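[1] using only what follows, build the 3D model:
(2 chains, ligands or ions: 3)
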Protein chains: 2
Amino acid sequence: DTKTGAPKPGDGAPKRSAFAPLDTFPHRHIGPSVSDTDAMLQKLDPPVASLDEFVKQVLPPDVLSSRNLHIAGPRADEEGYSESQLVARLRTIAGQNKVLRSYIGCGYAGTRVPEVIKRNVLEGPGWYTSYTPYQPEISQGRLESLLNFQTMVTDLTGLEMANASLLDEPTAAAEAMTLSINALPMSRQRRKNKVYFVSHLLHPQTIAVLAARADGFGVEIRVGDVLANNSQAVKDVGDDLVGVLVQYPDTEGGVDDFRALADTTHKLGGTLSVATDLLALTLLTPPGEFGADVAFGNAQRFGVPFGFGGPHAAFFATSEKHKRKIPGRVIGLSKDRLGNPAARLALQTREQHIRREKATSNICTAQALLANMSAFYAVYHGPEGLRRIAERTVTIARTLQKGLQDMGFQTGRRGTPEGTFEPVQFDTVIVKVASAQETLAVAVEQKGINLRLLDDTHVGITVDETVEQQDLEDILSVFQSFSDNKAPLDLEAIASSVGYAAQPTPAPFARSTPYLTHPVFNKYHSETELLRYIHHLQSKDLSLTHSMIPLGSCTMKLNATTEMLPITWPEFANIHPFVPPSQAAGYATMIAELETDLAEVTGFAAVSLQPNSGAQGEFTGLRVIRAFLSQQPDGAKRDICLIPVSAHGTNPASAAMAGMRVVPVKCDPGTGNLDVSDLEAKCAKHASELGAIMITYPSTFGVFEPAIRRACELVHAAGGQVYMDGANMNAQIGLCSPGEIGADVCHLNLHKTFCIPHGGGGPGVGPIGVKAHLAPFLPGHPLVATGGEKAIGPVSGAPWGSAGILPISWAYVKMMGARGLTEATKVTLLNANYLLSRLRPHYPIMYTNSKGRCAHEFILDTRHFKDSAGIEAIDIAKRLQDYGFHAPTMSWPVAGTLMIEPTESEGREELDRFVDALISIRKEIEAVEKGDMPREGNVLKMAPHSLRDLLQKGEWSRPYSRDQAAYPLPWLREKKFWPSVTRLDDAYGDTNLFCTCSPVASESEA
Amino acid sequence: DTKTGAPKPGDGAPKRSAFAPLDTFPHRHIGPSVSDTDAMLQKLDPPVASLDEFVKQVLPPDVLSSRNLHIAGPRADEEGYSESQLVARLRTIAGQNKVLRSYIGCGYAGTRVPEVIKRNVLEGPGWYTSYTPYQPEISQGRLESLLNFQTMVTDLTGLEMANASLLDEPTAAAEAMTLSINALPMSRQRRKNKVYFVSHLLHPQTIAVLAARADGFGVEIRVGDVLANNSQAVKDVGDDLVGVLVQYPDTEGGVDDFRALADTTHKLGGTLSVATDLLALTLLTPPGEFGADVAFGNAQRFGVPFGFGGPHAAFFATSEKHKRKIPGRVIGLSKDRLGNPAARLALQTREQHIRREKATSNICTAQALLANMSAFYAVYHGPEGLRRIAERTVTIARTLQKGLQDMGFQTGRRGTPEGTFEPVQFDTVIVKVASAQETLAVAVEQKGINLRLLDDTHVGITVDETVEQQDLEDILSVFQSFSDNKAPLDLEAIASSVGYAAQPTPAPFARSTPYLTHPVFNKYHSETELLRYIHHLQSKDLSLTHSMIPLGSCTMKLNATTEMLPITWPEFANIHPFVPPSQAAGYATMIAELETDLAEVTGFAAVSLQPNSGAQGEFTGLRVIRAFLSQQPDGAKRDICLIPVSAHGTNPASAAMAGMRVVPVKCDPGTGNLDVSDLEAKCAKHASELGAIMITYPSTFGVFEPAIRRACELVHAAGGQVYMDGANMNAQIGLCSPGEIGADVCHLNLHKTFCIPHGGGGPGVGPIGVKAHLAPFLPGHPLVATGGEKAIGPVSGAPWGSAGILPISWAYVKMMGARGLTEATKVTLLNANYLLSRLRPHYPIMYTNSKGRCAHEFILDTRHFKDSAGIEAIDIAKRLQDYGFHAPTMSWPVAGTLMIEPTESEGREELDRFVDALISIRKEIEAVEKGDMPREGNVLKMAPHSLRDLLQKGEWSRPYSRDQAAYPLPWLREKKFWPSVTRLDDAYGDTNLFCTCSPVASESEA
Ligand SMILES: Cc1ncc(COP(=O)(O)O)c(C=O)c1O
Ligand SMILES: Cc1ncc(COP(=O)(O)O)c(C=O)c1O
Ligand SMILES: O=C([O-])O
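    Ligands and ions are numbered 1, 2, ... in the order given. As a prediction, the model looks like this:
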């Protein structure tokens, strides 16, 4: 028997011990109190007596699970850990991780996160709880910061256009490849043979991810020496060439001259992409100046900790020519209604709405929070500060090389002919040793140092800004133990003999162009100034610290402080992803428990945590399905993927990227449900080619469809696999599960259902759960053992993706326990139906089930106001800002509508405030309908109202008062959030794509 | 040779190692860059070529120190630790503290700080960097929270009036005593014999502090059994009685019926004060219901960590009758110009301005930040949650008692006749043992548990909300090792046999009145709701995260994140102040280093960190002086304290409290300097009675007085000691020092000069430094060895006062190093003189030295605008809010003026913004002077302008536009801070003193 309301001590829960802790978590996470839920059940239309009865009206009986969830916890009663118990357990787990010094490099470098940024951004709920800046008027803070990020990237890479982050460096490489495909003339895109030539000196994980991604596009990845014999290997590709990818500095630290290669590539009609390092570019000629078309890399060393692999922001830049092909989110500068400069997500329509199966990228959630940290890092240090860090790094690397040479080691950059070594140009030193394995072992044991194993006789050492003199001495002492030269080392003397002052970066590598010249990078260098800048930007952004963000399909629930604690603990933050497993035992414990619990919640046999977004999960799941099918008789040709028309745009995009052909399945226009007869027909028609169906449950319309089991059976019967999009998992936990319903794979968005904060547009984690038959195919990794026995190639650069934020979801599950999780689901459904019941008298609701109930979200149909009052969904969305709310999801999944998802974390008072706002807006619309207000220039069309708008000089000549604009409901006088600009001019922004910091002139305009 | 400008790498500083860290701190702490300081020197009037030359124009030559400061650091070059080096060192020091479980009680109990409060308040710069809410229009957030604190205290104590915190429980006891004195009729106040009767069951540190404080008031503290023989001992005091002080529950956990004692006390004309515990009062009859006139205690267990003794907020409540006698800051509800309710500091004029030697309290800085944490704790838990915590605590204590009884121990509350034991009523259990010392030792060694040593055969155990079942088992197992009964314990069974349900608190102790019924304590119980409430309040408050707070005499400099880190580390936060020293070795290291460095900076021989505010430092220093003098021939009668008329109000108040007679010394009205001939005359006149002079340096007028050495010599020659008020120490460090100048004692405000954030009105630390001859008298402590051999009694409850925040100052000193500290002083002087030079053409400056220079602050003379335009300092102060600035210190030290102190942390751009604002205001005044604007209702008189004011309905009929009101300068359009209310009505507030949360009706008013 399940209990009603939030689990609070002493209200009918199983008898608690007299000593049971009181700092239990579920009643902090779940908004409504027990008495609120009772009252809300009464307000439903029609009312219901109990939460359990209510649940039966929402879920179809054949879907409701019969078993009880089990989550291992501190006691047998399925209550979770209390907050303090959890912190105690976390400290134990953290203690199992060993934080040693890692010079492994390979795309990850040590960095000092400035404490002011850590505390105020990474640990600041104003930054981490905001959503992707879809509503620019209440997001100018992070939009400005992301513009800073883009400016930093364009300046340092020497290219004209950058995006606001990608998931990681290897997936950025994959995006470079797809951009290269898109850049080919159509005739060449259609060629059967397509070769993407990749330097063997890329990081191994980049090559592995790229190879796995190339598959679906029918592109061959050819790995080789791109420079040997005047790039003969590249020339040999001829017309099959899609592009060339090199790394600069490369994975072994080498810096090469790619000017001739750029010419060769371009002559062959290909695109030259360069994986690079932002810090190195403060000293080196940027890719944009030697002919690169694309440059990308990991911004991690700009102030984002290792986190055992992530999350970090990858950056991606390209030339003017390709600017409309750039993947991911791009921030652009536009104007608001008053003509003031204002930033926005440019080209936004590309996202969920269009492209679909024509898409070559499925990126959606990216790494906004980490991009912002890196941007602030650049703002804090400025060009001079960054250059000093880079120069010091070079000095240390060269001192290391010289010190090793003095001991008799061959060391530096491996040259040609084999066995020669060249001077170190940046941060990485290769050393020839008798036994690399033994060297590594001695380094760990004697000095607590991790080096990189390159092959049996070579080790790599990558240094960074955290290296101090003592560290350098320790590294050298490890090697000295293998050398006959035991003379004490005078590091200062070595440094001055190799110092950058005496031996600058040689031409053509020495950077001559300035960078980060915009004032923003040159004025916030004291902590006070940076602190104020961070808080000033923050003050422009609406986040969960202000009010509910009822974005349908986004599950903006509480990101509890206790969940957030561990991610900045050094034991979790400061672990390189490729350390020996013994150093990450805490992570292993936590990951194993999280996998177990997510498998339990989804009803699956196994879970992979590698994908770092929902869309990545989709792609991974489909590739797992294809790998499985390919081992079935005739399975290899099963490449049809059925996708309901209601699906999120990433579904068909992911299917296409996995090399599948998308076949749409209709939905019933009346109920929104899957058209079962159409599904039957499509299954029959494509029986021999049917690979999978992708289906979202509850549906993207927010309804538990009755025919879900039947749909699964039909697809299975036709030989296909069922992929469930788990974006809506928050409606299922503890009540039903994808596994029991009949799915074979499902991704979860830990950044929705499992409390990873959205961070203003990322990070995310999109693990997949699979049935046992698919488990062997879960993705592996080239450097760290993970995944199944028949693992597909990796989808992320790090073995467990964004491992650094997994403690958040782990903590959530463990504090909620099985009872709390189930309760949360019930309240989520209740909150949505409460809103629905209160709003139904005022707005048409699009779809409900036969009992008139929605699942965890529902769609407000606002399309008819266009006729009746000239009002569109966007006007309502913008007007909601004046009421202090973020708009619901707009025009998705149905154009012209609003989709509302409250989550369980919102309390009744907040729900009521939101309803009151929407009812008040309905009256404002009515005034237009009745002709009391004009169809143009009314309070809705002019929304949102910034202060600059309301306080402007001169006569006030609008049909409504300033007071009406600002304070349409009384509580706004006490608590009002002000949009910092008026409505953005989207058309202007799309035609005038301008994606770096605003020119100074426009800034100083009053 | 000292260098100019902020120490930045590579700009003329001593040659740095190639490997020297780049994350050095001074250039993050000091606002202006090197090129800025050069430019600013040029803008001085007259310009100066170098910083060193400039310094010579500011300080008199005979004051300038000849030696170089030395601060032990990582290297020999007097550069400090880099930020990361400091964190590494801190981790080492933290590791030397051992966090065991402490059941020592004695006024400190374990508590769970809700993580959402810890992160968003204690670690939130929006909360910790704000100042005392002197400017209510930009402080409504913390004012509301402090009103919550006061409401919580009045509700729980059952008294009508509470203040917004005191420094700690023992000093609150002292304030109860002085209130009791003040409550006597004048005839009895003047009596020679005055006895304050104190229960022997008070915490020992309370009695010790009280005794030390009673001295100066000529009151005898008589400690005894207040209840024995119908309170015969109290009755015996007769007309000498000042009052009675009891504790409830007492230090041994006993709960007594004080109703008859209240009658007895009142009949004798005395006041009954009760030290109490907020958590206990959720279950027990509140003191206000049994006749107490005053109730006070430590709010620490409401969500504030041990911190090795503090800071914690003491609370203090009294009855309606005594409401205008309440010490410390009191928040009152008043109205703003529009008639909207708004909170403010009530009775504010009592503070620095008046009372002086008539004061019986010198409290100024209190514990606002901690009071806010405790208030949020109550908001988060609500009355039900608090009661559950209290009930669980009682259950645990009773289970413990029963478990111990079952093992054969005599245990519970010690009763009469001796040897009997009564049932436990709250959280403390006394146990009779064979050897208390041995029991304690076994508890620590075997289980990591600290118990309290009461006497050779009794130990105390105080339990709290952090105790879990395992902890209880561990405690019992310690005792079981001394018992013959080895039977396993069934705790659940014991609990149910003693459970609170079965055995409620007996009459007359069971609380029957409700508490915390105001909605604020009943609606923010989910984390989301509390988070939003915290952020909503924060959004109303101007802090250092917004702009400079140029409060003269307050030194609002950067409170760097790295400095703030350690205070929430468990190794510093979770140590009870009375643990065995071996468990606090990290603290000992840090304290010793800080004492050494502060002694070095002040030029003294020894330092005491015990006083927890500047005013407490004054009191301590004077008592040290008196103790020293009393051992000199004829020294005991040296009770005259010379104090310049320009002194801060706490100076004469402290002198009076130390039992000294204050004799004012004149200042030269032309120069502001001390009138040396008057000083000579006073020294001569009072030669045989002269105890001390208190002198602030640089003077409170912001000038390095030329005659300071002469003044010291005169006083010394007359047999007196020199006390230096170190509030202005920020102008001295590294350039001169109190010790070299001739002072014998000096207090420092670590919350000014040494970066402890002001926290909205506390915490603070006011250590004193002393010359060698005074070192033996530094204050001691009854329970922990500290202080000199001839130590005076303690001034704080904890041996090192607010030890928990000492790491902040330690970190500051260690990161700045000697070079950085000295540089900061120079830039502080430069910043002030830069402002002065830019403002002098627009406003008269009150005092400068003969070279036209001020020290670190200066006074803007705004008095003549009263005549010329009807404008007063307050109008300028309020108008500055419209420009986004906190006002300078208003009407102190000179009525009708503004005193400006920028500190070194402000950069040139911010200084310029501030000057531009003041110049713009000067033009606004000029418009009135010229008659272009009316003398009433102009933009200054109407300032500040809230949004409600500007957006109000109806016609705008003021002589200035909305735009002028809001955006008088262009940058305000981009960055504007809005006062949340209009100008407060001080007169209304003072006549209608209302000091708890506003009644609900007024809240819901639109
Ligand atoms: C239904 C659905 N599927 C997939 C996704 C993609 O998830 P992500 O943004 O994590 O890539 C979303 C994101 O909103 C979604 O709503
Ligand atoms: C000159 C002077 N002395 C003493 C004090 C009292 O210090 P505290 O507030 O720490 O008690 C102050 C406070 O501003 C001050 O300015
Ligand atoms: O607290 C002060 O008076 O500065």
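[2] number of residues surrounding whichever residue of the stretch 201-350 of chain A sits closest to ligand 1?
    Nearest to ligand 1, among the residues of the stretch 201-350 of chain A, is A:Arg329, at 10.6 Å (C-beta to the nearest ligand atom). To be clear about C-beta, it is placed using only N, CA and C from the backbone, and glycine gets the same treatment. With neighbours defined by other C-beta atoms under 10 Å in any protein chain shown, the count for A:Arg329 comes to 26.
[3] how about A:Arg398?
    With other C-beta under 10 Å as criterion, A:Arg398 counts 25.
[4] and it, how far from B:Ala260?
    85 Å (C-beta to C-beta, to the nearest Å).
[5] okay, the closest residue to A:Phe704 other than its chain neighbours and ligand 2: tell me how far apart.
    Closest residue to A:Phe704 apart from its sequence neighbours, by C-beta to C-beta, 6 or more residues apart in numbering or on different chains: A:Pro698 at 4.7 Å. Distance, A:Pro698 to ligand 2, by C-beta to the nearest ligand atom, to the nearest Å: 60 Å.
[6] for ligand 2, what is the nearest residue in chain A?
    Residue of chain A nearest ligand 2, by C-beta to the nearest ligand atom: A:Thr528 (21.1 Å).
[7] now that residue: which helix or strand?
    If you go by DSSP states H and E, A:Thr528 is part of helix A:527-538.
[8] and chain B, is that helix touching that?
    Yes: legend: contact between helix A:527-538 and chain B by C-beta under 8 Å from any C-beta of the partner chain is shown at A:527-529, A:531-532, A:535-536.
[9] contact partners of that helix?
    The contact list for helix A:527-538 (C-beta atoms under 8 Å, 6 or more residues apart in numbering or on different chains) reads A:114, A:116-117, A:120-121, A:124, A:126-127, A:140-142, A:144-145, A:376, A:379-380, A:523-524, B:28-29, B:31, B:125-126, B:544-547, B:558, B:560-561, B:905-907, B:909-910, B:975.
[10] my read is that A:Arg222 contacts A:Asp236, right?
    No: taking C-beta atoms under 8 Å as the definition, A:Arg222 is not a contact partner of A:Asp236, at 9.4 Å.
[11] with neighbour numbers in mind, choose between those two.
    Neighbour totals were compared for A:Arg222 and A:Asp236, and A:Arg222 leads with 17 against 14 (other C-beta under 10 Å).
[12] helix, strand or coil: sort out that one for me.
    Assigned with DSSP: H, G, I helix; E, B strand; the rest coil, A:Arg222 falls in the strand class.
[13] OK, contacts around the nearest residue to A:Val444 once chain neighbours are set aside?
    Residue nearest to A:Val444 in three dimensions, not counting chain neighbours: A:Asn450, with 6.3 Å by C-beta to C-beta, 6+ apart. Listed by C-beta under 8 Å, 6+ apart, the contact set of A:Asn450 reads A:100-104, A:440, A:443-444, A:576, A:579-580, A:583.
[14] look up phi and psi at A:Asn450.
    Main-chain torsions, A:Asn450, degrees, to the nearest 10: phi -100, psi 130.
[15] straight-line length of stretch A:682-689, end to end?
    Distance across stretch A:682-689, first residue to last, is 11 Å (C-alpha to C-alpha, to the nearest Å).
[16] and what of stretch A:492-509?
    Using C-alpha to C-alpha, the end-to-end distance of stretch A:492-509 comes out at 26 Å.
[17] follow-up on the earlier one: show me which positions of the helix holding A:Thr528 end up buried.
    Within helix A:527-538, the residues that count as buried by 16 or more other C-beta atoms under 10 Å in any protein chain shown are A:527-538.
[18] just give the closest residue to the residue of the stretch 51-200 of chain A found nearest ligand 1, not the sequence neighbours.
    Nearest residue of the stretch 51-200 of chain A to ligand 1: A:Thr132, at 8.4 Å (C-beta to the nearest ligand atom). The shortest distance from A:Thr132 to any non-neighbouring residue, by C-beta to C-beta, 6+ apart, is to A:Gly761 (3.9 Å).
[19] is the one you found in a helix, a strand, or coil?
    Recorded secondary structure, A:Gly761: coil (three-state DSSP).
[20] pLDDT wise, what is it at?
    Listed pLDDT for A:Gly761 reads 95.
[21] tell me the contacts of it?
    Listed by C-beta under 8 Å, 6+ apart, the contact partners of A:Gly761 are A:131-133, A:142, A:146, A:164-165, A:329, A:365-369.
[22] give me that answer again for 10 Å
    A:130-134, A:139, A:142, A:146, A:164-165, A:328-329, A:331, A:345, A:364-369, A:371-372 (C-beta atoms under 10 Å, 6 or more residues apart in numbering or on different chains).
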